[in-house]
Structure formats: structure tokens, C-alpha cells
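*Asks:* Generate coordinates for the sequence data below:
(one chain, ligands or ions: 2)
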Amino acid sequence: MSLTLDRPDLLRQQAYIDGAWLGAEAVMPVEDPATGEMIGSVPALDGTHAEQAVAAAQAALAAWRARTAGERGAILHRWSDLMRTHQEDLARIMTREQGKPLAEARGEVAYAASFLTWFAEEARRSYGDVIPGHGADKRLMVTREPIGVVAAITPWNFPLAMITRKAGPALAAGCTMIVKPSELTPFSALALALLAEEAGVPAGVLNIVTGPARGIGDVLVSHPAIAKLSFTGSTAVGKMLAGRAMDTVKRVSLELGGNAPFLVFDDADVDAAVDGAIASKFRNAGQTCVCANRFLVQAGIYDAFVSKLAERVKALRVGNGFAQSVEVGPLINAAALEKVTRHVVDALARGGRLLAGGNVVEGAGQFYAPTLIADVPASALFCREETFGPLAGIVRFETEAEAVAMANETRSGLAAYLFTRDLSRSYRVSEALEYGMIGLNTGLISTEVAPFGGVKESGFGREGSRYGMDEYLNMKLVCTAVSLG
Ligand SMILES: NC(=O)c1ccc[n+]([C@@H]2O[C@H](COP(=O)([O-])OP(=O)(O)OC[C@H]3O[C@@H](n4cnc5c(N)ncnc54)[C@H](O)[C@@H]3O)[C@@H](O)[C@H]2O)c1
Ligand SMILES: O=C[C@H](O)CS(=O)(=O)O
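*Replies:* Ligands and ions are numbered 1, 2, ... in the order given. Purely as a prediction, here's the structure:
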């Protein structure tokens, strides 16, 4: 299937280093997860090219940080405007390489652009402090300065937003950046770079290095000129990269895997809980870090919730993201299909009751039927691992204490959801849950205006909100001795 774009030049098959578009003899193919067809290819660059990108970012740093926050913000605003102008093309490129339904892809373009708009304004608010001196002759001033050259390594599931959630604050702060996008979805990143160039981002300020992760990553985690590593991806890879970044004591922020519990109490609005469950579980075919990963439902509301949810899951339309009515697209690759299959088989083997789906959708591409399994024990695999697929598994509980204990029984700590109409319970439970973000009577929590991030092994640091700038700024104390005349 050909990809029709108003701006065909947005589909870039070259990497972007120091303001130049770069080809290579060695290339990496990019496949459409819905059809298995090859869309195109990108250069399979290596550590040498990563070194070139670091040198370019280093050379561009002084002039970029010397611009005023307003000047940097104006460029970010133009970049964001260009994203919105070309929303349809960016969405089509994303659906083609990542698979999500076109409506979701359009939503991600707007979400990704919102981070550029937000941080274009936050740039002007990187305030410092003047502190009353500790001596009559002392004057204390605290300034906030850009960290310097930043390396960003990003995942495939939100191929635009996970980049602008970093590039927005980094460039607003006066940093320069090298991005290594996922090898599964490089075209979104390269289209973003073209629009950055058109918006006036100077050469070297933003660099996109495509290719096998290890060779490029080895440079990005170890190069002494890189002051910060911002990683979004799996917990296992994040742990490894962060550990290596410590050899040069880089600042690190980690946005890692999740295992979100979705708690429904007897006093919940059951229809609202079902709406929240569908929104949280099946967005991007269950391939988001904040998807509900396990449903914990109190005994009194259990049957009503399960039967209503079953009707909704059975009605979900699966298919190619370009098809008008499709709500659930393909999984990203065969490994993802295998993992969700493994979790389904395990849940059924433990006595789970299949109420919808439970099968691979035969044919081209990697499709799994939206699946609902009830009456599963908390020992099931999907309760212990991030499924990252369209499986909703339900565990029954009796008491609030039991629910909180089950919810917290994981090393993950990104997002959690609870549905209750009891005000005291909403405080008790949200305070007891060990997570960075809580959805209370909602299944959708992500926005550029609020801090996004986790605790425990879901990482540290926050993206978005006024806190997002902190990840790209250093604090400096200037202590001045003044003569008293
Ligand atoms: N917390 C968040 O904000 C957030 C957002 C999106 C995705 N995620 C998590 O990301 C995971 C899915 O994304 P994924 O499959 O792309 O994760 P991944 O860890 O496999 O890959 C993420 C990035 O790391 C790179 N990478 C992998 N091995 C590397 C190495 N040895 N050296 C350097 N780079 C390497 C990949 O090429 C990719 O660019 C899920 O666990 C999901 O929960 C978290
Ligand atoms: O996969 C997790 C991303 O952060 C997606 S979103 O921010 O929740 O849209």
C-alpha cells in the first residue's frame, strides 16, 4: 500500500546530523506492522556517526544557549505550528510505521506538538533565587543554566511525543540534543527533524541518528561531552544504560515500563469504570506504558463490571489503522504477539474464564483480538509483567486493604487507576498506592501540563509540566563577598 502525503518530502530516508541529511550504504528496513510490507529504509549508522552528532551538538551549544529564552521559544512555537499544519501527513507516517489507528495518530501529533508549545513558554520561567546572605557582607544568588549536550533514546510506541517531551524542554533550556529513535519507527523522528529545520532550529542543535541501537548507544552513554541521558523505554534497557552513564556521571532521567493496576470498588460508577477501562487498556492496542495492565475488582460490583466490559471488548473493531472504523491496530512485531499470547495462555491455564478474544487474528501483520479474561488469580503472569497488548485480565478482591496490597505488589510504579465515589476512600487509596501518577475515576491521565513519570523501577525524573524544565537545567550558586564601605 503506498503512502499518500501532501508533503512527500516528509518521508525522509536519511539521518540528520549537523543540519545535513545523511545517507549510508548500510540501511535498515522499516516494516508496516499491519501488513508486513517494507515501507522504506533508513541509514544503519554506527558509533562513528554518533560521535559526529555529538561534535555537532557541542559546536552548536554556545550560540544556542546564548539566544534569549524568547528567541528559543519563538522557534519552538514555529516548530509546533508546523507540526499542526502537517498533522495529517505526520499521522499517516506514524500509522504506517507504528500501526496505531489514524485517529490516535492524529491525537499523538497534537499531543507531541503541545510539548513544544508548553516549553516555548516555560523557557521564560527558568527563574533563579536571591537568598538573604548568611553574613552582612555576603550576597547569594542562584541561577539555572542549561545542562549542555543531551542524548535522548526513545521508544516506538509514541514515536513523536516521546521525542518532543524531551526536545521541548531541552531546547527551551538552551541545550542541544542527539536523538536515537527506535529502529522500528524512525520515519516519525525524521519528519520531525525536517520541520525543526524549517522552523529555524539551527544546524547541530537537533540531530537524529538512525541505526542499530548498540553501536550508537555505546557512544551516547559514554561520551564525556554528553552531560545528560534521557531514556524512555523498557526497564531492563533503561537500567543498563543508566548504569553505564554513571561512568561519566551524566544526569539521567528514566521513563520506564509500567504494570498499572486498575481498581474498581463497590461504590464506583460502573459505567464510568467500564469507559475508563476501555480507554486505558486498548489505547494503541494496549501498547502504552500507562495502560491498565491488571484489573482488580471488588466482589460486590464484579459481575456487573465484567459483563458490561465484556460487551464493550467484543465490540472493538480490529484492523489496519488506516481503515475508517478501526479502534485496535496491530502489535508492533512478532515478539509482542508472542508475549500477549503467553499471558493469555497462562491466565487460562490458571483457571481464567475467557469472555472475549483470546486469539491471534489470522492473516498478514500482527493482530491480536481484544481479549477479556475474568476470575484470574493474582499469581498470573499478566499481574507480574507488563503485557503491552490488548489483554484485560480481571482479579477479584474483597477488601480495600487486599486491593492496595495487590496493587503495590510490583517493582513498577508508573500509573495506577481507581474508581470509587467515596471521597475518604479516594484519599486513603491514592495515598497508599506506590505510583507516580494516579487516575481517579478516569482512565486517561496524560497531558503536557502535568508531571509525567514514575517511582520504583518505572524510573525517575518528570516530563511535561513546569517540572519538566528541571531535567535540563543545572543550579549554580554565586556567593559574593561585598565590601561594607
Ligand atoms: N514511562 C514512559 O513514559 C514510557 C513511554 C513509552 C514507553 N515506555 C516503555 O517502553 C517500552 C516499550 O518501548 P521499546 O520496546 O522501544 O523499549 P526498548 O527498551 O526495547 O527500546 C527503547 C529504546 O532503547 C533503544 N535500545 C534498546 N537497546 C539498546 C542498547 N543496548 N543501547 C542503546 N539503546 C538501546 C531502542 O533502540 C529504543 O530506541 C515499554 O516497557 C514501555 O512501558 C515507557
Ligand atoms: O507509553 C507511554 C506514553 O507516555 C504514552 S502517553 O504519554 O500516556 O500518551
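*Asks:* could you list every residue that touches the nearest residue to residue 420 once chain neighbours are set aside?
*Replies:* Leaving aside its sequence neighbours, residue 420 sits nearest to residue 265 (C-beta to C-beta, 6 or more residues apart in numbering; 4.3 Å). No exception for glycine: its C-beta is placed from N, CA and C like everyone else's. With contact taken as C-beta atoms under 8 Å, 6 or more residues apart in numbering, residue 265 is in contact with 298, 301, 400, 403, 418-420, 422, 425.
*Asks:* Relative to ligand 2, which of these is nearest.
*Replies:* Among these, residue 418 lies closest to ligand 2 (C-beta to the nearest ligand atom), at 17.5 Å.
*Asks:* All the helices of this protein, residue numbers only.
*Replies:* Shown for the chain, the helices assigned by DSSP state H span residues 47-66, 69-85, 87-98, 102-122, 161-173, 186-199, 213-222, 235-245, 270-282, 299-315, 334-349, 381-384, 400-408, 423-432.
*Asks:* re earlier: quick check: the residue nearest to residue 420 vs residue 95, distance?
*Replies:* Between residue 265 and residue 95 the distance, using C-beta to C-beta, to the nearest Å, works out to 37 Å.
*Asks:* One more: residue 404?
*Replies:* 39 Å.
*Asks:* and if you look at residue 89?
*Replies:* Residue 89 is 11 Å from residue 95, by C-beta to C-beta.
*Asks:* higher neighbour count, these two?
*Replies:* residue 95 (26 against 21; other C-beta atoms under 10 Å).
*Asks:* nearest residue to the more buried one other than its sequence neighbours?
*Replies:* Here the residue nearest residue 95, using C-beta to C-beta, 6+ apart, is residue 321, at 4.1 Å.
*Asks:* Isn't the one you found up against residue 93?
*Replies:* No - look at residue 321 against residue 93 with C-beta atoms under 8 Å: they stay out of range, at 11.6 Å.
*Asks:* and residue 475, how many residues sit next to it?
*Replies:* Residue 475, neighbours per other C-beta under 10 Å, totals 11.
*Asks:* quick one on the thing from earlier: now do the contacts for the residue nearest to residue 95.
*Replies:* Contacts for residue 321 (C-beta under 8 Å, 6+ apart) come out as 34, 95, 99-102, 104-105, 329-330.
*Asks:* ok, now residue 174?
*Replies:* 64-65, 67, 69, 72, 145-146.
*Asks:* same check, this time on residue 93
*Replies:* For residue 93, the contact set (C-beta under 8 Å, 6+ apart) comprises 3, 5, 10-11, 187-188, 191.
*Asks:* Closest to ligand 1 out of the contacts of residue 174?
*Replies:* For the contacts of residue 174, the nearest to ligand 1 is residue 146 (22.6 Å; C-beta to the nearest ligand atom).
*Asks:* Does that closest one touch residue 65 like I think?
*Replies:* Yes - between residue 146 and residue 65 there is a contact under C-beta under 8 Å: 5.0 Å.
*Asks:* Now for those two: what residues contact both?
*Replies:* 174-175.
*Asks:* So for the two, which sits in the more crowded spot?
*Replies:* Set side by side, residue 146 and residue 65 show more neighbours around residue 146, with 24 against 16, by other C-beta under 10 Å.
*Asks:* List, one by one, the residues from the chain near ligand 2.
*Replies:* Applying C-beta under 6 Å from any ligand atom, we find that the chain lies next to ligand 2 at 157-158, 288-290, 446.
*Asks:* where's residue 4 relative to ligand 2, distance?
*Replies:* 26 Å (C-beta to the nearest ligand atom, to the nearest Å).
*Asks:* before we move on, what about residue 48?
*Replies:* 32 Å.
*Asks:* try residue 117
*Replies:* Separation of residue 117 from ligand 2 (C-beta to the nearest ligand atom): 16 Å.
*Asks:* Same question for residue 130.
*Replies:* 36 Å.
*Asks:* Lovely, talk soon.
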